[in-house]
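J.: The sequence and its predicted three-dimensional model are supplied below.
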Amino acid sequence: MRPARRGVRPFSVGWLLPALVSVCAGAMPVRAQELFPQGIAAGDVTATSAVVWSRTERPGLLRVEYGTDPALAGARVAGPFTTGPETGYTLKVDLTGLEPGRRYTYRFTTGDGRSSAGTFVTPPTPDRDQPVTLVWGADTAEEFMPFRIFQAMRARGADLFLFLGDTVYTDLGTFRATSLDQYRQKYRVNRADPLLREYLATVASWVIWDDHEVENNFDSEHVRLETGLRAFLEFWPIRTPLEDAKRLYRSFRWGRTVEFFILDTRQYRTPAFRLDGPEKTMLGRAQKRWLLDGLARSAAKVKVVVSTVPLRHHGADSWEGYTFERDEILRFIAERRIANVVFLVGDTHYAALLRHPEGPYEAIASPLAASLARTPRVAGQPGTLWSTTGSLNYGWMRITPEGIVVEWRDDRDLLLYQRTLPVE
């Protein structure tokens, strides 16, 4: 790999290392869709950095143009970088040295042409009280294409998109993935959807997996965990630590208003059939300590925990199968009097809002484009404020220092429910 220009960090850890290949000279110009068939995306955007992503169909030599001018006048240029078979011809570039609270435009270029332009907003500095709008959801199954709901989500113009897992169904659909090439193909199938591609180009995404990126209800002992994780990291703009290229749990701030804690509820979990108790874990010891310490020291007004799986009233694959650890976390929040905690959840294939006796709210939005549950399992249960099924749905939230407005909408963008949550 050629050295990156100042302010850019290419991904080069372990099996994330792109192949050192070059593009064939003299190729005729072709359309952006042919050059970058799965589009572009930006993710893990902080106040000063962003990961941008794309994929080519063949070995390529790419650069990234980016800047605050929508027409990219005077744009900075990062690269060149190569794409190759080692990463399924995907490329992730970490753009650093960005300005807080600014909208950026970016695109990929090759000797043959360039991609369409994408955009994202960087969060403000940690000392700013600034509102944030976000959308969240989960579950996109290929048989539900076209993914019409992303058109509705795009119209909302949110600052962030939190994709809470089951971004592909590798174990269902037209074929069941068992090899790395097949796992990669599952992502290419979903990215064939133009509405998904267009949406990912317009927003900063924070993506986490759930079970169907490997196989239904998988845990830390699954034989294809490493294969599924590799494909997942190849196809999403996720920043992993240099010292741990497989770590998915992470946090980020939006000024003083909110801090987000994104949990990995899969790769460290004890098999669900094991007896519950102190040794059974969903998060693993290190991630649980990271979460508790982060919640305790956070100076943000609101704390959002992305869990992917629900807290109560579900089966053994949810937190209901890990009640000792779940109760330890909720008890910690209550005893430390950590206010304004909201859990965001997907997975259930219905929508709901709950308030738990320990204080936190739980907001569930699912599915974006997959089968629907017959009934909401939380309906009529203690703490349930609202629930519904029968509609594909996404969640929308606006967080300010004064309060949280939360909405659920269907794939036609019709309002299903709205509520204002107080901020203490």
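T.: Cool, the structure landed. Not measured: the values here are computed from a predicted model.

J.: This protein: helices as residue ranges?
T.: Under the criterion DSSP state H, the chain contains helices at 32-35, 149-156, 180-191, 194-200, 225-235, 285-297, 323-335.

J.: Against which helices or strands is the fourth one packed?
T.: This means helix 194-200. Helices and strands touching helix 194-200, by 3 or more C-beta pairs under 8 Å, 6 or more residues apart in numbering; DSSP states H and E, are helix 149-156. Every residue, glycine included, has its C-beta placed from N, CA and C.

J.: What helices and strands are in contact with the helix it packs on?
T.: strand 132-137, helix 194-200, strand 393-399, strand 403-410.

J.: which residues sit against the third one?
T.: Contact partners of strand 393-399, identified using C-beta atoms under 8 Å, 6 or more residues apart in numbering, comprise 131-137, 149, 152-153, 156, 158, 254, 257-258, 302, 304, 344, 351, 363-368, 404-411, 416.

J.: do the same with the second one
T.: Surrounding helix 194-200, the residues in contact under the criterion C-beta under 8 Å, 6+ apart are 38-41, 118, 140, 146-148, 150-151, 153-154, 161, 190-191.

J.: go again using 10 Å as the cut-off
T.: Residues outside helix 194-200 that contact it (C-beta atoms under 10 Å, 6 or more residues apart in numbering): 33, 36-43, 53, 116, 118, 135, 140, 145-154, 161, 163, 167, 190-191, 193, 205, 207, 236-237, 368-369.

J.: if we can go back for a sec, any chance of the helices of the chain in TSV, plus mean pLDDT, distance to residue 277 and mean neighbour count?
T.: Converted to TSV, those look like this (pLDDT from 0 to 100; distance: least, C-beta to C-beta, whole Å; neighbours: other C-beta atoms under 10 Å):
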stretch	mean pLDDT	distance to residue 277	mean neighbour count
helix 32-35	82	53	16
helix 149-156	97	40	20
helix 180-191	98	34	19
helix 194-200	97	41	20
helix 225-235	98	23	22
helix 285-297	98	14	14
helix 323-335	98	6	16
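
J.: before we move on, back to that, which one, of the helices and strands packed on helix 149-156, ends up nearest to residue 111?
T.: helix 194-200 (22.8 Å; C-beta to C-beta).

J.: ok, back up a step: would you tell me which of the helices of the chain gets closest to residue 104?
T.: Closest to residue 104 of the helices of the chain is helix 194-200 (C-beta to C-beta; 14.9 Å).

J.: if we can go back for a sec, tell me which of the helices and strands packed on helix 149-156 lies nearest to residue 72.
T.: Nearest of the helices and strands packed on helix 149-156 to residue 72, taken as C-beta to C-beta: helix 194-200 at 18.6 Å.

J.: and the closest one, how far out from the chain's middle?
T.: 15 Å (C-alpha atoms, centre = their mean, to the nearest Å).

J.: ok, now stretch 239-251?
T.: 14 Å.

J.: and what of stretch 329-344?
T.: That offset, for stretch 329-344, works out to 23 Å (C-alpha atoms, centre = their mean).

J.: Do you have the strands of the stretch 51-200 of the chain handy? List them.
T.: Under the criterion DSSP state E, counting those that start in this stretch, the stretch 51-200 of the chain contains strands at 60-67, 76-83, 90-96, 103-109, 118-121, 132-137, 160-164.

J.: Adding distance to residue 291 and mean neighbour count, write the ones you listed out as CSV.
T.: Listed next are the strands of the stretch 51-200 of the chain as CSV, based on distance: least, C-beta to C-beta, whole Å; neighbours: other C-beta atoms under 10 Å:
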stretch, distance to residue 291, mean neighbour count
strand 60-67, 33, 22
strand 76-83, 33, 21
strand 90-96, 24, 22
strand 103-109, 30, 21
strand 118-121, 26, 21
strand 132-137, 18, 24
strand 160-164, 16, 25
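
J.: Adding distance to residue 175, write the ones you listed out as CSV.
T.: CSV is the format used below for those (distance: least, C-beta to C-beta, whole Å):
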stretch, distance to residue 175
strand 60-67, 27
strand 76-83, 25
strand 90-96, 21
strand 103-109, 29
strand 118-121, 30
strand 132-137, 25
strand 160-164, 23
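
J.: mind checking which of those is nearest residue 231?
T.: strand 90-96 (9.5 Å).

J.: Show me what that closest one is packed up against.
T.: strand 8-10, strand 40-43, strand 49-55, strand 60-67, strand 76-83, strand 103-109, helix 225-235 (3 or more C-beta pairs under 10 Å, 6 or more residues apart in numbering; DSSP states H and E).

J.: mind putting these in TSV, distance to residue 178 included?
T.: Converted to TSV, the helices and strands packed on strand 90-96 look like this (distance: least, C-beta to C-beta, whole Å):
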stretch	distance to residue 178
strand 8-10	30
strand 40-43	26
strand 49-55	22
strand 60-67	28
strand 76-83	25
strand 103-109	31
helix 225-235	8
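
J.: Quick one, which of these gets closest to residue 92.
T.: Nearest to residue 92, of the helices and strands packed on strand 90-96 and by C-beta to C-beta, is strand 49-55 at 5.1 Å.

J.: quick one: strands adjacent to the closest one?
T.: strand 40-43 (antiparallel), strand 90-96 (antiparallel) (DSSP bridges).

J.: Export these to CSV and append columns for mean pLDDT and distance to residue 268.
T.: Below are those laid out as CSV (pLDDT from 0 to 100; distance: least, C-beta to C-beta, whole Å):
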stretch, mean pLDDT, distance to residue 268
strand 40-43, 98, 22
strand 90-96, 98, 23
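
J.: so where is this structure shaky, pLDDT-wise?
T.: Scanning the chain for pLDDT under 70 picks out the ranges 1-31.

J.: so what's residue 330 up against?
T.: 311-312, 319, 323, 341, 343, 356-360.

J.: let's see 7 Å
T.: 356, 358 (C-beta atoms under 7 Å, 6 or more residues apart in numbering).

J.: before we move on, back to that, can you tell me which of the helices of the chain comes nearest to residue 278?
T.: When the helices of the chain are ranked by proximity to residue 278 (C-beta to C-beta), helix 323-335 comes first, at 6.1 Å.
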